[in-house]
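# need a 3D model of the following:
(one chain, ligands or ions: 2)
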Amino acid sequence: MSAASPLIFAVPKGRILDEALPVMARAGVVPEAAFHDKNDRALSFASEDRATQIIRVRAFDVATFVAFGAAQAGIVGSDVIEEFDYSELYAPVDLGIGQCRLSVAQPKDSAEYLPGNASHLRVATKYPSLAKRWFARQGIQAECVKLNGAMELAPALGLSMRIVDLVSTGRTLKDNGLVETDTIMQVTSRLIVNRAALKTDPRVAALVERFRTEAVVLAA
Ligand code: ADP
Ligand code: MG
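Ligands and ions are numbered 1, 2, ... in the order given. Reported below is the predicted structural model:
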């Protein structure tokens, strides 16, 4: 890539964006004003210094754009990084934002599911790969059904006995009559970069360094 073309930086359009923007600003990545215009339908924006192009995509797609080198860097939750397990993704900086956990939950009154039980365990989740791996480690062969949201509905409607979903306060689970039984992983958002771009483009290494030294405010 020529030095003249801007670096592409991918950010998730959803809930971590508000926390990500101040972190990006400390690292010198500030989107142009149009980025904050709710009526603007553009998906790609210049940075104030024009050195970076900022694309706004779904959280899972941030990882995909960066893994394939279509974007050189981005910000995404460790849940997404682990679910895809792309070899071309490198996650050098924990930004400490977007804290939550990936957990297993079940209806309040349902029986314990034991490994070796002959009956089938179906799990509704946005994270089929992580869920399958976790249940396999417990000796349970789970059939993971991919949903993109509202996992909490699945048990009551007979779609699955368990769900695997992100939890922060636990309020959504509680409101849907579910209890958290296990934590699969703790989640925070990371700076991610494309490995090949990191090796070949010195601007990517410089960006990583700026996030490492300036962006992360260590908890007091
Ligand atoms: P999308 O709907 O495009 O998948 P979201 O806006 O829901 O994206 O963002 C989801 C990301 O936000 C997750 O991948 C996770 O890293 C982070 N996150 C932090 N806290 C929560 C939470 N309580 N629930 C869901 N996602 C959370
Ligand atoms: Mg969402």
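# how about the lengthiest strand in the chain and ligand 1, any contact?
Criterion DSSP state E: the longest strand present in the chain is strand 178-187. Yes - contact of strand 178-187 with ligand 1 (CB under 6 Å from any ligand atom) involves residue 187. For the C-beta atoms, the positions are set from N, CA and C on the backbone; glycine is no exception.
# the spatially most central residue of the chain pairs with what?
The centre of the chain sits closest to residue 77, judged by CA atoms, centre = their mean, with a distance of 2.8 Å. With DSSP bridges as the criterion, residue 77 is bridged to residue 189.
# the longest strand of the chain: partners in the sheet, and parallel or antiparallel?
strand 100-107 (antiparallel).
# any idea how far the residue lying closest to residue 16 once chain neighbours are set aside lies from residue 112?
The shortest distance from residue 16 to any non-neighbouring residue, by CB to CB, 6 or more residues apart in numbering, is to residue 98 (4.0 Å). As judged by CB to CB, to the nearest Å, residue 98 and residue 112 stand 32 Å apart.
# who's more crowded, these two?
Taking neighbours as other CB atoms under 10 Å, residue 98 and residue 112 compare with residue 98 leading, 24 against 7.
# for the more buried one, which three-state class applies?
Under the three-state scheme (DSSP: H, G, I helix; E, B strand; the rest coil), residue 98 adopts coil.
# need the contact list for it.
15-16, 19-20, 77, 187-189 (CB atoms under 8 Å, 6 or more residues apart in numbering).
# reformat the residues you listed as JSON lines; add pLDDT.
Below are the contacts of residue 98 laid out as JSON lines (pLDDT from 0 to 100):
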{"residue": "15", "pLDDT": "92"}
{"residue": "16", "pLDDT": "96"}
{"residue": "19", "pLDDT": "96"}
{"residue": "20", "pLDDT": "97"}
{"residue": "77", "pLDDT": "98"}
{"residue": "187", "pLDDT": "98"}
{"residue": "188", "pLDDT": "98"}
{"residue": "189", "pLDDT": "98"}
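# would you write a ChimeraX line that selects the buried entries of the residues you listed?
Selecting the buried subset of these in ChimeraX, with 16 or more other CB atoms under 10 Å as the burial test, is done by:
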select :16,20,77,187,188,189
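# with the contacts of residue 98 in mind, which one is nearest to ligand 1?
Closest approach between the contacts of residue 98 and ligand 1, by CB to the nearest ligand atom: residue 77, at 1.9 Å.
# that closest one: what's it in contact with?
For residue 77, the contacting residues are 12, 16, 59, 98, 100, 187-190, by CB under 8 Å, 6+ apart.
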